[in-house]
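Enquirer: Curious how this folds, go ahead:
(one chain, ligands or ions: 1)
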Amino acid sequence: MQLGIDIGGTYLRYEIKHHGDSVKKGMLKSAGTGLCSFIESFLEKEKNITTVCISYAGQVRDGVIMGAPHIEIDRHHIKAYIENKFNVILYIENDLNCVVLAEAASCRSKDVCAIYVGTGLGLGVISDAVLLRGHEHIAAELGHIPYKETPFRCACGKSNCIELFASGSGLAAWKKYYGVDPDLSLQALSQVQDEKAKRIYEAFIEALLHAAGTTITLFNPEILILGGGIMKGNEALEDLITSKIKAYAMPLSLQHVKIKISQKKNAALEGAFLLKDYHG
Ligand SMILES: [Zn+2]
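Expert: Sure thing, here's the model as predicted:
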């Protein structure tokens, strides 16, 4: 049996699969939940698990957690520790890498980029069927490319990152700054009769267009998937981005690219289960 885990800044979701079928699912708050201690207590109860597959919202390299902006780390060398203590194989990969593995598998393409707008702004890239990781396994940190100066500080330490405009945490910061109702969704921001709310919405869309256009220009994907909590259920964004992207990417790269909103419930968890079969 396989244990799949998707840990982000807010929730830890898990699922047990047996011969590909889902046997058990669950969810708990990430705060106060150490990933390593969660796995240990799980494996002590569930003796039939042979594989642990983890999608991790942070920087991971060769089974070692190097850093995470929104998750408390209770053990860095998690693969070696768990494999030595239990008779299992553990895979762990950055969440956006898991996401793009799942998206690419579904659309059967070798050139896919996935931009996810959640707490942050993340990107996963599969180019010619290979996951793009970079020398230190921190490639494609789209959210932290310099964009415009803001009155806030990003989790990375800078104050001009593009995710300070196009992310859940960015939206929250601007709502607080302008005194706009913190409960307004992205869609609601565009609909209310409030100049400040409209300004936040427009700045979000412009930053997202910059991020998407830059991604298309740099990586030349066949398919660009847009997903994440902020995009979910926002199908209108697909048309909006497609109609406006021309001004934000190199014309030649735009010729054959398809831009789609993700249809997946949890691409990160789905991708985590694919890690054991990915040998890139
Ligand atoms: Zn940053």
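
Enquirer: Surely Gly26 is in contact with Arg13?
Expert: Yes. Between Gly26 and Arg13 a contact is recorded at 7.3 Å, counting by CB atoms under 8 Å. Every C-beta, even on glycine, is put in place using the N, C-alpha and C of the backbone.

Enquirer: where do the helices sit along the protein?
Expert: 35-45, 78-85, 95-107, 168-178, 186-191, 195-219, 236-244, 251-254, 267-272 (DSSP state H).

Enquirer: For the protein, what lies in contact range of the ion?
Expert: His144, Cys154, Cys156, Lys158, Cys161 (CB under 5 Å from the ion).

Enquirer: can you tell me which residues contact the residue lying closest to the third one once chain neighbours are set aside?
Expert: Pointing back at Cys156 there. Closest residue to Cys156 apart from its sequence neighbours, by CB to CB, 6 or more residues apart in numbering: His144 at 5.0 Å. For His144, the contact set (CB atoms under 8 Å, 6 or more residues apart in numbering) comprises Cys154, Cys156, Lys158, Cys161, Ile162, Glu163.

Enquirer: What count of nearby residues applies to the fifth one?
Expert: Counted with other CB atoms under 10 Å, residues neighbouring Ile162 total 23.

Enquirer: In this structure, which residue is most central in space?
Expert: Leu96 (4.1 Å; CA atoms, centre = their mean).

Enquirer: per-residue confidence at that one?
Expert: Turning to Leu96, the model gives it a pLDDT of 96.

Enquirer: any idea what sits nearest it, other than its immediate chain neighbours?
Expert: Using CB to CB, 6+ apart, the closest residue to Leu96 is Gly124 (3.7 Å).

Enquirer: quick one: contacts for that neighbour?
Expert: 94, 96-101, 103, 113-114, 116, 131, 140.

Enquirer: Report the beta-bridge partner residues of it.
Expert: Ala114 (DSSP bridges).

Enquirer: how far away is the residue of the stretch 1-150 of the chain found nearest the ion from Asp95?
Expert: Nearest residue of the stretch 1-150 of the chain to the ion: His144, at 3.6 Å (CB to the ion). In this view, His144 and Asp95 are 15 Å apart by CB to CB, to the nearest Å.

Enquirer: Equivalent analysis for Ala207, please.
Expert: Ala207 is 21 Å from Asp95, by CB to CB.

Enquirer: who has more neighbours, the two?
Expert: Asp95 (26 against 23).

Enquirer: The more buried one and Ile54 touch, don't they?
Expert: No. Under the criterion of CB under 8 Å, Asp95 makes no contact with Ile54, lying 9.2 Å away.

Enquirer: list the residues that contact both of these two?
Expert: In contact with both Asp95 and Ile54: Asp6, using CB under 8 Å, 6+ apart.

Enquirer: For Glu16, give the beta-bridge partners.
Expert: For the record, residue 16 is Ile, not Glu. Leu3, Lys24.

Enquirer: That one: what's it in contact with?
Expert: Per CB under 8 Å, 6+ apart, neighbours of Ile16: Met1, Gln2, Leu3, Gly4, Ser22, Val23, Lys24, Lys25, Glu46, Ile49.

Enquirer: now do 7 Å
Expert: Counting by CB atoms under 7 Å, 6 or more residues apart in numbering, Ile16 makes contact with Met1, Gln2, Leu3, Val23, Lys24.

Enquirer: Ser30 too?
Expert: With contact taken as CB under 7 Å, 6+ apart, Ser30 is in contact with Ile7, Gly8, Gly9, Thr10, Tyr11, Leu12, Ile71.

Enquirer: Save those residues as JSON lines, and put in neighbour count and pLDDT too.
Expert: Output for these, formatted as JSON lines (neighbours: other CB atoms under 10 Å; pLDDT from 0 to 100):
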{"residue": "Ile7", "neighbour count": "27", "pLDDT": "96"}
{"residue": "Gly8", "neighbour count": "21", "pLDDT": "90"}
{"residue": "Gly9", "neighbour count": "18", "pLDDT": "84"}
{"residue": "Thr10", "neighbour count": "15", "pLDDT": "86"}
{"residue": "Tyr11", "neighbour count": "13", "pLDDT": "92"}
{"residue": "Leu12", "neighbour count": "20", "pLDDT": "96"}
{"residue": "Ile71", "neighbour count": "21", "pLDDT": "90"}
